[in-house]
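Enquirer: structure for this input, please:
(one chain, ligands or ions: 1)
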Amino acid sequence: MTLAAESKLTFPKGFGWGAATAAYQVEGGWNADGKGPSVWDIFSHQEGKIVNDENGDLACNSYYFWEKDLKCIKELGLTYYRFSLSWARLLPNGTTCNINRKGIDYYNKLINDLLSNQVTPVVTLNHFDLPQALEDMGGWASEEIVNIFDEYSAFCFRTFGDRVKFWITINEPYVYADLGYEVGIHAPGLKQPGTLLYQVGHNMLKAHAKAWHTYNNLFRQLQKGFVSLALNSDWAEPYDPSSPQDVSSCEHYMSFSLGWFANPVFKDGDYPSVMKSQIKDRSEKQGMAVSRLPEFTAEEKKMIKGTADFFALNYYTSRKVQHSEKPLDVQSFHTDKEAEGIVDPSWPISGVSWLAVVPWGLRKLLNYIKITYNNPIIYITENGFAEKDPPSLEDDRRCDFYKGTLLEILKAIHEDKADIRGYFAWSLLDNFEWSYGYSIRFGLYHVDFKNPELPRTVYKSGKQYAKIISHNGFIYAKE
Ligand code: BGC
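Expert: Numbers count the residues shown, from 1 in each chain. A predicted model of the protein is given here:
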């Protein structure tokens with residue numbers, strides 16, 4: 001192989017190799033050592049919410065078994081590890097009126113252990129698990145959350161920011177708002193279609209921006225870190241590329257997912273114009289005096305614009321998108337969009353129906369981000385493949401998925417010149433997969449949930465990932 005061909009199979013020097021988890025999905029210890037309940041504790045304890053009525057009370061028990069996770073991180077050779085803080089473990093009722101020392105100790109240990117093993121921590125402040133005490137006060141639907149989140153963020157920057165240099169304020173505001181407040185299959189399980197999720201998204205954007213400014217004004221100079229929010233998106237490919245309607249529906253689809261949060265933060269402080277006009281128009285026709293999508297004031301737009309130091313992208317899948325006229329009597333986010341995402345029958349499906357395997361969609365999405373948002377520094381903060389339970393340790397389909405995806409990322413780096421600095425596999429471990437409970441598995445490590453020791457065993461895909469990491473790419477020839 002020529003040197004030029006070899007370099008196309010190699011990642012840039014210093015490329016970040018990571019895996020990700022989230023507190024509620026792995027920690028367990030749901031009421032240990034003074035932790036307060038989160039919305040997920042309350043939600044998953046209700047009957048009928050989760051497959052087999054499972055919950056994260058124990059999960060991977062990482063609160064007590066952190067050393068086992070660290071061993072996996074070291075075995076893989078990760079240079080980055082993304083995890084989230086349980087807000088209610090640190091601040092049991094959500095505010096700094098009550099600080100839980102044991103929670104601080106736990107995360108200090110994680111951070112210090114990572115650093116002493118040359119692994120850079122990437123810390124998410126809120127990954128779906130709002131303290132229940134705050135939900136009881138209106139949660140993300142209430143504007144009060146903006147200041148409360150700011151107080152929590154400042155507390156975390158002050159407590160851990162001497163060592164943590166990568167912060168993600170909120171994980172996937174789109175999924176958080178849609179599944180938690182519109183569809184109701186995630187905590188807190190509210191269903192007020194077409195209204196509440198827009199309010200929630202609005203407050204999340206303001207909360208994120210305020211926290212970014214707090215970091216920027218009070219901590220950045222000393223701590224020299226980076227702050228962003230993690231945005232998820234499918235790639236939208238026109239169902240019929242020769243249909244102008246399908247092509248413009250793709251723009252709707254992207255605006256209502258990625259653009260909803262990326263435009264305000266990375267572009268102009270405001271929602272995408274198609275989103276504004278579409279929702280306003282439908283709201284008017286539905287007899288409302290104002291749009292169901294709240295508006296930002298000029299001052300708020302100024303406050304939100306530019307509040308990210310890098311682009312954190314979570315990518316799982318793609319859709320073929322078709323225009324679809326929706327009746328006005330149905331008021332919902334999905335009807336506002338007037339674009340239908342369809343899985344192409346030729347795409348392989350993972351162990352969960354929504355996750356069709358489309359690695360090339362990621363390359364297109366990376367290009368779209370590069371062009372639309374002015375060539376930002378990008379970290380792919382989540383990407384992964386689900387297997388059904390019970391899984392095989394020989395997870396060949398997941399191996400192909402990761403290989404295919406990483407090859408597309410290499411093309412985006414070398415051919416399209418996207419500025420991609422790191423990649424995080426979802427997930428380090430099999431864990432509590434929200435409404436699916438333990439029925440599907442995303443791990444690079446298998447977890448035996450029937451064994452009280454919860455042993456972690458590497459999958460074939462984990463071994464493959466370790467090999468790619470150790471070669472910083474796909475040139476293994478010298479072995
Ligand atoms: C979330 C993870 C989740 C993963 C797979 C992402 O939406 O951030 O918490 O486990 O997707 O569904």
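
Enquirer: the lowest-mean-pLDDT helix or strand in the chain - contacts with which helices or strands?
Expert: Sorting the helices and strands of the chain by mean pLDDT, DSSP states H and E puts helix 3-8 at the bottom, at a mean of 84. Packing partners of helix 3-8 (3 or more Cβ pairs under 8 Å, 6 or more residues apart in numbering; DSSP states H and E): helix 396-414. Just so you know, the C-beta spots here come from the backbone N, C-alpha and C atoms, and that holds for glycine as well.

Enquirer: residues from the stretch 251-400 of the chain in reach of the ligand?
Expert: Proximity of the stretch 251-400 of the chain to the ligand (Cβ under 6 Å from any ligand atom) is limited to residues 314, 382.

Enquirer: break down the stretch 251-400 of the chain into its strands, ranges please.
Expert: 311-314, 318-323, 339-342, 378-382, 387-388 (DSSP state E, counting those that start in this stretch).

Enquirer: export those to JSON lines and append columns for mean pLDDT and mean neighbour count.
Expert: Shown next, in JSON lines, are the strands of the stretch 251-400 of the chain (pLDDT from 0 to 100; neighbours: other Cβ atoms under 10 Å):
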{"stretch": "strand 311-314", "mean pLDDT": "99", "mean neighbour count": "26"}
{"stretch": "strand 318-323", "mean pLDDT": "97", "mean neighbour count": "22"}
{"stretch": "strand 339-342", "mean pLDDT": "97", "mean neighbour count": "20"}
{"stretch": "strand 378-382", "mean pLDDT": "99", "mean neighbour count": "26"}
{"stretch": "strand 387-388", "mean pLDDT": "98", "mean neighbour count": "16"}
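
Enquirer: can you redo these as a markdown table with distance to residue 333?
Expert: Shown next, in a markdown table, are the strands of the stretch 251-400 of the chain (distance: least, Cβ to Cβ, whole Å):
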| stretch | distance to residue 333 |
| --- | --- |
| strand 311-314 | 19 |
| strand 318-323 | 15 |
| strand 339-342 | 12 |
| strand 378-382 | 22 |
| strand 387-388 | 29 |
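
Enquirer: what's the closest of those strands to residue 148?
Expert: Among those, strand 311-314 comes nearest to residue 148, with 22.6 Å by Cβ to Cβ.

Enquirer: and that closest one, what does it pack onto?
Expert: Looks like strand 311-314 contacts strand 226-232, helix 359-372, strand 378-382 (3+ Cβ pairs under 8 Å, 6+ apart).

Enquirer: partners of it in the sheet?
Expert: strand 226-232 (parallel), strand 378-382 (parallel) (DSSP bridges).

Enquirer: only C-alpha atoms, please: export it in PDB.
Expert: Output of strand 311-314 as PDB, limited to C-alpha atoms (Å, rounded to 0.1, in the frame of the first residue of the first chain):
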ATOM      1  CA  PHE A 311     -19.900  20.600  18.200                       C
ATOM      2  CA  ALA A 312     -20.800  17.500  20.100                       C
ATOM      3  CA  LEU A 313     -22.700  15.200  17.800                       C
ATOM      4  CA  ASN A 314     -24.600  12.000  18.700                       C
END
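
Enquirer: off-centre distance for it?
Expert: On the basis of Cα atoms, centre = their mean, to the nearest Å, strand 311-314 is displaced by 8 Å from the centre of the chain it belongs to.

Enquirer: residues making contact with the least confident helix or strand of the chain?
Expert: Residues outside helix 3-8 that contact it (Cβ atoms under 8 Å, 6 or more residues apart in numbering) are 410, 414, 475.

Enquirer: start to end distance for stretch 6-18?
Expert: 23 Å (Cα to Cα, to the nearest Å).

Enquirer: just the buried residues of it, please?
Expert: 8-11, 15-18 (16 or more other Cβ atoms under 10 Å).

Enquirer: likewise for stretch 292-312?
Expert: 292-294, 296, 300-301, 303-312.

Enquirer: and residue 446, backbone torsions?
Expert: Main-chain dihedrals, residue 446, degrees, to the nearest 10: phi -80, psi 140.

Enquirer: any idea whether the closest residue to it other than its chain neighbours is helix, strand or coil?
Expert: Nearest non-adjacent residue to residue 446, counting by Cβ to Cβ, 6 or more residues apart in numbering: residue 457, 4.6 Å away. Secondary structure, DSSP: H, G, I helix; E, B strand; the rest coil: residue 457 is strand.

Enquirer: good, wrapping up.
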